[in-house]
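Participant: let's see this in three dimensions:
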Amino acid sequence: MSNISEKLQSVKSSLPEGVKVVAVSKLKPASDIKEAYDAGHRLFGENYATEMRDKHQELPADIEWHFIGHLQKNKIKYIIQYVSLIHGIDSLELLQAVNDHAARAGRVVDVLLQFHIATEATKFGMDMQEACEALDWVAAASRSEAGLHVRPVGVMGMATNTPDRELVRSEFRTLKGYFDTVKATRFANDPSWKEVSMGMSADYHIAVEEGSTMVRIGSAIFGPRDYSKK
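Facilitator: Have a look, this model is predicted:
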């Protein structure tokens, strides 16, 4: 068993049943992804659209690709044909742009609404009012002649990068509260609204305790990254 396989198995064995692992492979070679793939893993996350495109072309077709970074509108075209889930819908404008690209591709693409829960202003995400405006647009678009080509299936957020575990916990709890509020008010009878994407290598255990259904794990599986290769 390879080192990557061992780390992947260690992460998976630490999680409750039903919590998905998005193996975050940004800035890692396709060979590393193939090691995890050969160990049976199929769910991978990338932060950069052109990198994801290139890896998609090189690696097996049954990989489930999640886009987890900040998605620029001019990069949607590189991933829209095959991406399974876009985690970082952080504005109505981006949601509409993804919808337009998905319509042209003849697809309906699953998305998560990204909420800003951290103390850091540099992190992306909506507040509840902005998310409600986005969901109002979704409801209207679903009744339009053109139809709807995105499907919101849950929420995503990033906690503050801090050693303060209680702050991190409170931020994850806030995100789960947003998920529950939207579920109760908009998707009460819709089982597709089900995902809470929160938790990374340093804090995923806390995230799971607070209700995460999907953790985004990079360095704990693939090791540290060399950002000079970006």
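Participant: all strands of the chain, in order?
Facilitator: With DSSP state E, the ranges of strands along the chain come out as 20-24, 43-46, 64-67, 85-89, 109-114, 150-156, 195-197, 214-217.
Participant: just send the ones you listed back as TSV, with distance to D136, mean pLDDT and mean neighbour count too.
Facilitator: Heads up, the C-betas are built off the backbone N, CA and C, glycines and all. Shown next, in TSV, are the strands of the chain (distance: least, Cβ to Cβ, whole Å; pLDDT from 0 to 100; neighbours: other Cβ atoms under 10 Å):
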stretch	distance to D136	mean pLDDT	mean neighbour count
strand 20-24	29	98	23
strand 43-46	29	98	23
strand 64-67	24	98	22
strand 85-89	14	97	25
strand 109-114	12	98	24
strand 150-156	12	98	23
strand 195-197	21	98	24
strand 214-217	25	98	25
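Participant: tabulate these (a markdown table), appending distance to Q9.
Facilitator: Converted to a markdown table, these look like this (distance: least, Cβ to Cβ, whole Å):
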| stretch | distance to Q9 |
| --- | --- |
| strand 20-24 | 10 |
| strand 43-46 | 15 |
| strand 64-67 | 19 |
| strand 85-89 | 23 |
| strand 109-114 | 26 |
| strand 150-156 | 25 |
| strand 195-197 | 22 |
| strand 214-217 | 12 |
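Participant: Q57: which of those strands is closest?
Facilitator: With respect to Q57, and counting by Cβ to Cβ, the nearest of the strands of the chain is strand 64-67 at 11.4 Å.
Participant: quick one: the longest helix along the chain to strand 150-156, angle?
Facilitator: For the chain, the helix that runs over the most residues, judged by DSSP state H, is helix 165-186. Angle, helix 165-186 to strand 150-156, by axes from the mean of the first three to the mean of the last three Cα atoms, to 10 degrees: 150 degrees.
Participant: where's the residue nearest to the spatial centre of the chain relative to A184, distance?
Facilitator: By Cα atoms, centre = their mean, the chain has its centre lying nearest to H87, at 3.0 Å. Distance, H87 to A184, by Cβ to Cβ, to the nearest Å: 22 Å.
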